[in-house]
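**Q** no FASTA, just this:
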């Protein structure tokens, strides 16, 4: 079963006919050829596939294409562009995006020397 999904991507309107269950990550990379969004773990743990959905960071490997109909998606390519008057990324960051380089934010664990990923998508309040 296919569904015509129309949504904004980096300020442009995109329409794709896909399974409503196809992952947003795959639609971006395979159908729209926006390869800046990377697949890391495929389980929503690493953050490599993070995009903004209506301005909220989400793991695109966990979002079905059908959930994006009528919504706005911003990928790393969209962040890199910004505008001349107000770029969203520093010039060095834009160059890294242009060259296909990405980096996961890491923090050291208290109990070992191995780093663990910092999850950019957190809705939990840290106040007590």
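**A** Right, received. Where do you want to start? Note that the structure is a prediction, hence the values are computed from the model and not measured. Numbering: from 1, shown residues only.

**Q** how about the helices in the chain?
**A** 24-26, 76-81, 91-98 (DSSP state H).

**Q** what stretches of this structure score poorly on pLDDT?
**A** By pLDDT under 70, the low-scoring segments of the chain are 82-128.

**Q** can you map out the strands along the protein?
**A** Along the chain, the segments classed as strands by DSSP state E run 3-9, 12-18, 50-53, 56-59, 72-74, 106-108, 115-117.

**Q** out of the ones you listed, nearest to residue 42?
**A** When the strands of the chain are compared by CB to CB, strand 56-59 sits nearest residue 42, at 9.5 Å. In short, each C-beta sits where N, CA and C put it, glycine included.

**Q** helices and strands around the closest one, which ones?
**A** strand 50-53 (3 or more CB pairs under 8 Å, 6 or more residues apart in numbering; DSSP states H and E).

**Q** neighbouring strands for the strand it packs on, and are they parallel or not?
**A** strand 56-59 (antiparallel), strand 72-74 (antiparallel) (DSSP bridges).

**Q** Including mean neighbour count, could the strands of the chain go into CSV?
**A** Converted to CSV, the strands of the chain look like this (neighbours: other CB atoms under 10 Å):
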stretch, mean neighbour count
strand 3-9, 17
strand 12-18, 13
strand 50-53, 21
strand 56-59, 17
strand 72-74, 20
strand 106-108, 10
strand 115-117, 13
